[in-house]
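Trainee: Mind looking at a prediction? Sequence and model below.
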Amino acid sequence: MNLHEYQGKEILSTFGVKIQKGIVVSTPQEAVAAAKKLTEETGTGWHVLKAQVHAGGRGKGGGVKLAKNLGEVESIADQIIGMQLITPQTSAEGKKVHQVLVAEDVYYPGETETSEFYISVLLNRTTGRNMIMYSTEGGMDIETVAEETPHLIFTEEIDPATGMLPFQARRVAFNLGLSGAAFKDMTKFVTALYTAYDKSDASLFEINPVLKTSDDKILAVDAKVTIDDNALFRHKDYLELRDIREENPIEVEAGALGLNYVDLDGNVGCMVNGAGLAMATMDLIKQAGGEPANFLDVGGTADAARVEAAFQIILKDPEVKAILINIFGGIVRCDRVAQGVIDAYKNMGTINVPIIVRLQGTNADIAKELIDNSGLDVQSAVEFQEAADKVQAVLA
Ligand code: GDP
Ligand code: MN
């Protein structure tokens, strides 16, 4: 589950990580009130307004702006709230902004006095250990740093038996070129950051930039946080942080129906039972020259109701030009699935795309007969390759 910047910062703050203070709002009037409150609390005269969407690169897309007075707070909030924000990380149509974070300006008085760093915590899948990845090149796109100046990216691997050790925090501060008060503050920052990552069962905490202010304080200015979905049962309080407006609507609907669905860019809809077979099916479609429109695992019980729900979901994607049903009847009998396909088809009235069904396993022969005699525009296939070729043929 991905979080908004303001939610990530709230979690950081509860673990003692220093953050750029802010208040999230959804109208220009609220933005002005928030700015006044922040001025009372922090003494800041300037504010930065930040679009809250699940995508990075907001600054480049015009989603992060500095306001030097309350009039500017209001006009910038008015401009950002409701806009379609296009960044290097969104699709071409961008993402609609519902909320804006009004934050204290922490860069004052100027960029020469401040430094920006990059610090993230994530799992190194090769070693199976958590690691801190950090760089002196903050504020920039880290992929570009990795490509052009890889020697400026450092890592610190954490031994799960000991957790992060004090010398590791000091090494981070040292490699970032800090000294004095900033050095000490950085060791505290990175230690608290690692604790936050660990205790919240996150799979990513990416802080870009971490700022050294002109008075040598270390603060999180941005926060990109992903919580591991498999650990959410331990964090019931995080469930309300989910913002489904940021998620793919078809995926949300499929999830509610208990279907494991991932939207993809191609034009061949797939309905498969079992994740392994679903991946193999997608490979075969590609090998035959097609492109899968989705990954869809209907699970073990492919009865008529489930098959119908899966059809509905697949057909919501306007790109779909053919559907390939590939079911292995092990626990579920093929004739039951075939009947399910036929019933669902009849219930739905018209399905305007050709359907190819491959059923293998228990009672596959009866299933094929049912499909072939159904009188519907559904083709059956026996072999895997045959199924993929038939899909290609109907698309041609
Ligand atoms: P991103 O573009 O989505 O990664 O959003 P960030 O939160 O990283 O903000 C983008 C950029 O806005 C940062 O790299 C900073 O340079 C700038 N920025 C953020 N907060 C402030 C602030 O308080 N004052 C000023 N002047 N600039 C800020
Ligand atoms: Mn950022």
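Mentor: That came through, no problem. Ligands and ions are numbered 1, 2, ... in the order given.
Trainee: tell me the domain ranges of the chain?
Mentor: According to automatic domain parsing, the chain comprises the domains 1-19+109-246, 21-105, 248-395.
Trainee: Near ligand 1, which residues of the stretch 51-200 of the chain are found?
Mentor: When proximity is defined as Cβ under 6 Å from any ligand atom, the stretch 51-200 of the chain approaches ligand 1 at Gly56, Gly57, Arg58, Gly59, Val64, Leu66, Ala103, Asp105, Val106, Tyr107, Gly139. All C-beta spots, glycine's among them, are computed from the backbone N, C-alpha and C.
Trainee: give me that answer again for 5 Å
Mentor: Neighbours of ligand 1 within the stretch 51-200 of the chain, by Cβ under 5 Å from any ligand atom: Gly56, Arg58, Gly59, Val64, Leu66, Asp105, Val106, Tyr107, Gly139.
Trainee: got the contact list for stretch 52-68?
Mentor: Applying Cβ atoms under 8 Å, 6 or more residues apart in numbering, the contact partners of stretch 52-68 are 2, 4-6, 24, 35, 45-51, 73, 76, 80, 83, 85-90, 94-101, 105, 141, 208, 224, 243, 246.
Trainee: switch the cut-off to 7 Å
Mentor: Stretch 52-68 is contacted by residues 2, 4-6, 24, 46-51, 73, 76, 80, 85-90, 95, 97, 99-101, 105, 224, 246 when judged by Cβ atoms under 7 Å, 6 or more residues apart in numbering.
Trainee: What subset of those residues is buried?
Mentor: 2, 4-6, 24, 46-51, 73, 76, 80, 85-87, 90, 95, 97, 99-101, 105, 224, 246 (16 or more other Cβ atoms under 10 Å).
Trainee: related to what we said a few turns ago, distance to ligand 2 added to the domains of the chain, as a markdown table?
Mentor: A markdown table is the format used below for the domains of the chain (distance: least, Cβ to the ion, whole Å):
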| stretch | distance to ligand 2 |
| --- | --- |
| domain 1-19+109-246 | 4 |
| domain 21-105 | 6 |
| domain 248-395 | 23 |
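Trainee: Which residue does the stretch 201-350 of the chain have closest to ligand 1?
Mentor: Residue nearest to ligand 1 within the stretch 201-350 of the chain: Asp222 (3.3 Å; Cβ to the nearest ligand atom).
Trainee: per-residue pLDDT, the residue nearest to Ala196 when sequence neighbours are not counted?
Mentor: Using Cβ to Cβ, 6 or more residues apart in numbering and skipping residues adjacent in sequence, the residue nearest Ala196 is Phe15, 3.7 Å away. Per-residue pLDDT puts Phe15 at 98.
Trainee: Phe15: what's it in contact with?
Mentor: Ala192, Thr195, Ala196, Lys199.
Trainee: Measure how buried the second one is and give me the count.
Mentor: The one in question is Thr195. Thr195 has 16 neighbouring residues, counting by other Cβ atoms under 10 Å.
Trainee: Residue numbering should commence at 13 henceforth.
Mentor: Done: numbering now begins at 13, and the last item shifts to Thr207.
Trainee: Contact partners for it?
Mentor: Taking Cβ under 7 Å, 6+ apart as the contact definition, Thr207 lies against Phe27.
Trainee: Would you mind measuring from Ala45 to ligand 1?
Mentor: Shown here: Ala45 relative to ligand 1, a distance of 19 Å by Cβ to the nearest ligand atom, to the nearest Å.
Trainee: Got phi/psi on that residue?
Mentor: phi -60, psi -40 (degrees, to the nearest 10).
Trainee: Please apply the same query to Ser392.
Mentor: phi -100, psi 160.
Trainee: ok, now the one 3 residues further on?
Mentor: Summarising the backbone geometry of Glu395 under the convention degrees, to the nearest 10, its torsions are phi -90, psi 150.
Trainee: Quick check: pLDDT value at it.
Mentor: At Glu395, the pLDDT value in this model is 89.
Trainee: and it, how far is that from Val284?
Mentor: 16 Å (Cβ to Cβ, to the nearest Å).
Trainee: Just want to know which of those two has more residues nearby.
Mentor: Applying other Cβ under 10 Å to Glu395 and Val284 shows that Val284 carries more neighbours, namely 26 against 10.
Trainee: Can you name the residues bridging to that one?
Mentor: Under DSSP bridges, the beta-bridge partners of Val284 are Asp309, Asn338.
Trainee: Brilliant, that's me finished.
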